[in-house]
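Colleague: Prediction below, plus the sequence it came from.
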Number of protein chains: 2
Amino acid sequence: MPSSSASPAIPLTPGKGILTRQAILQEAMDLASVNGLEGLTIGSLAVATGMSKSGLFAHFGSKEELQLATVQAARAAFQERVFLPALKAPRGLKRLCAVIAAWLDYAEREMFRGGCFFAAVSVEFDGRPGPVRDLVAACMMDWRGSLTRLAREAKDMGELSRGADPEQLAFEFDALSMGANGTYQLHRDHRAFAMARRAVKERLKTFSAPGARFSPL
Amino acid sequence: MPSSSASPAIPLTPGKGILTRQAILQEAMDLASVNGLEGLTIGSLAVATGMSKSGLFAHFGSKEELQLATVQAARAAFQERVFLPALKAPRGLKRLCAVIAAWLDYAEREMFRGGCFFAAVSVEFDGRPGPVRDLVAACMMDWRGSLTRLAREAKDMGELSRGADPEQLAFEFDALSMGANGTYQLHRDHRAFAMARRAVKERLKTFSAPGARFSPL
DNA sequence: TGACAGCACGAACGATCGTTCTATTTTTGA
DNA sequence: TCAAAAATAGAACGATCGTTCGTGCTGTCA
């Protein structure tokens, strides 16, 4: 083993390469949320970032690597800016509500220019085998798993009735949110989000134990 | 005006051109449900149908016309093979259930190779202005409008409670169905459809008037 | 039988795709 | 400060994209 003074895996000051790579991926996420990961062309991405095709390409080595990096960047951005902040809400029903509310805000405020990145990309890749599809599928599993876990916590705390099925509820909330995102993207009608919020609220009311309190959606 | 003996607009015996056009569109719907309407390449479609690129192209004149024709063919196929048959159920709650059940079957049995054609295409085009997007948006509006009308009929017949909101219910059922389709396409897990059916059933039970009967989903 | 649509084909176009080179500039670290 | 390393640019590749053009089939009526 070399001495402990070796340069760290993640340098304290990000090099220039890392910075431009981040700028590229920021643009890539936006473009992909609109045109998909296949419509995300290296040429158009180069124009959008003001770089040359080859200079940009060198950062990734292949289009598939660019796609994978874009998905991972979107996952990180989602975790950091949507999911983790919402987790600060108090455990149980309130936290579940906070996470769903954060997701709906994330989609409605269009953190990515084309709405939810994963809604666009998961539909695009669900029929094409390969590592990109696998990664996207894993992200979606993750998200649903988180929703399921939060619902289960609320149930374990007695805030949801014994008849509540965490997996079932997670599926429903996921579907309602995605549906609102899709409807809004297609028709630019904000009522879609209002209807999703109402549906989630009523569904939670159906299963919430008497006296359980949940934060507004 | 020429004499009334002119050939009818729709000839009794479809000419050869019409037949191959139908064959092309059948393949086009399947390919587009998997790879999208942009991934639907004229070259790949020519290979799939055993035609030459130029011979196939001549039927449409442009890729956009091919896309429009494919969407209209999918709309017609959906109407003919899913929606209209389900409308034969008795008016009211039963008919609403029959239509939703038909849709879920249509998606689960993969009438198109990539699942619901419109689920794939509407997400793909929701961010790209143009006639294709407009047509797809109109199809989705149509579908949601039909669901809304069926729910309103059930309500007017007294089978759904006074508190039931047809538009809201239509949104929810649409979202749940689309969500099941997406989850199934991504994870190949049939439980997605089971959860959608359960959600629709429970939601209907919440709003159904006492004693109202609805057919199984 | 012969003229004439309708239909399909093959070859080719310019544009753009992802990708590979080589050269040049910029940044980094001793 | 200077050489090594990293980052970017430019030109070009073969493949494929949508599209155009000219040609040859193949039936149908006169």
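Modeller: Perfect, thanks for sending it.
Colleague: Residue in chain A with the shortest distance to DNA strand D?
Modeller: Of the residues in chain A, the one nearest DNA strand D is A:G17, at a distance of 1.8 Å by Cβ to the nearest atom of the strand. Placement of C-beta: from N, CA and C, glycine included.
Colleague: Tell me the spatial nearest neighbour of A:D30, not counting adjacent residues.
Modeller: In this structure, A:D30 finds its nearest non-sequential neighbour in A:R113, 4.5 Å apart by Cβ to Cβ, 6 or more residues apart in numbering or on different chains.
Colleague: Contacts only, for the residue nearest the centre of chain A.
Modeller: Of all residues in chain A, the one closest to the mean position by Cα atoms, centre = their mean is A:F78, 4.5 Å from it. Residues near A:F78 by Cβ atoms under 8 Å, 6 or more residues apart in numbering or on different chains: A:106, A:117-118.
Colleague: most neighbours, which of the residues you listed?
Modeller: Highest neighbour count within the contacts of A:F78: A:F117, with 28 neighbours (other Cβ atoms under 10 Å in any protein chain shown).
Colleague: mind checking how far that residue is from DNA strand C?
Modeller: For A:F117, the distance to DNA strand C equals 18 Å [Cβ to the nearest atom of the strand, to the nearest Å].
Colleague: Need phi/psi at that residue.
Modeller: The phi/psi pair for A:F117 (degrees, to the nearest 10) reads phi -60, psi -50.
Colleague: ok, how many other residues are close to A:P129?
Modeller: 8.
Colleague: Kindly report the same for the one 4 residues further on.
Modeller: Applying other Cβ under 10 Å, we find 18 residues neighbouring A:R133.
Colleague: and if you look at the one 3 residues further on?
Modeller: Using other Cβ under 10 Å, the number of residues around A:V136 comes to 25.
Colleague: related to what we said a few turns ago, quick one: the residue nearest to A:D30 and A:N35 touch, right?
Modeller: No - taking contacts as Cβ atoms under 8 Å, A:R113 lies outside contact range of A:N35: 9.9 Å.
Colleague: The two: which has the busier surroundings?
Modeller: Between A:R113 and A:N35, A:N35 has the larger neighbour count (other Cβ under 10 Å), namely 20 against 15.
Colleague: now that one: how far from chain B?
Modeller: For A:N35, the distance to chain B (Cβ to the nearest Cβ, to the nearest Å) stands at 7 Å.
Colleague: contacting residues around A:F125?
Modeller: By Cβ under 8 Å, 6+ apart, A:F125 lies in contact with A:37, A:132-133, A:136.
Colleague: From A:C116, how far off is the closest residue to it other than its chain neighbours?
Modeller: For A:F125, ignoring the flanking residues on the chain, the nearest one in space by Cβ to Cβ, 6+ apart is A:R133 at 4.3 Å. Separation of A:R133 from A:C116 (Cβ to Cβ, to the nearest Å) stands at 17 Å.
Colleague: hmm, back to that, part of a strand, is the residue nearest to A:D30?
Modeller: No - with DSSP: H, G, I helix; E, B strand; the rest coil as the criterion, A:R113 is located in coil rather than a strand.
Colleague: what about it, distance to DNA strand C?
Modeller: As defined by Cβ to the nearest atom of the strand, A:R113 lies at a distance of 18 Å from DNA strand C.
Colleague: Give me the below-cutoff pLDDT ranges for chain A.
Modeller: A:1-12 (pLDDT under 70).
Colleague: near DNA strand C, which residues of it show up?
Modeller: Taking Cβ under 7 Å from any atom of the strand as the criterion, chain A approaches DNA strand C at residues A:7, A:11, A:13, A:15-16, A:40-44, A:53-54, A:57-58, A:61-64.
Colleague: Now, of those residues, which are buried?
Modeller: Buried subset of the residues of chain A next to DNA strand C (neighbour count, 16 or more other Cβ atoms under 10 Å in any protein chain shown): A:40, A:42, A:57.
Colleague: For the last one, which non-adjacent residue is spatially closest?
Modeller: Using Cβ to Cβ, 6+ apart and skipping residues adjacent in sequence, the residue nearest A:F57 is A:I42, 5.9 Å away.
Colleague: Just the helices from chain A, written as ranges.
Modeller: A:16-39, A:42-49, A:53-57, A:63-78, A:84-86, A:93-108, A:117-125, A:131-156, A:166-187, A:191-207 (DSSP state H).
Colleague: Wondering if the last one reaches chain B at all.
Modeller: Yes - contact between helix A:191-207 and chain B is present through A:192, A:195-196, A:198-199, A:202-203, A:206 (criterion: Cβ under 8 Å from any Cβ of the partner chain).
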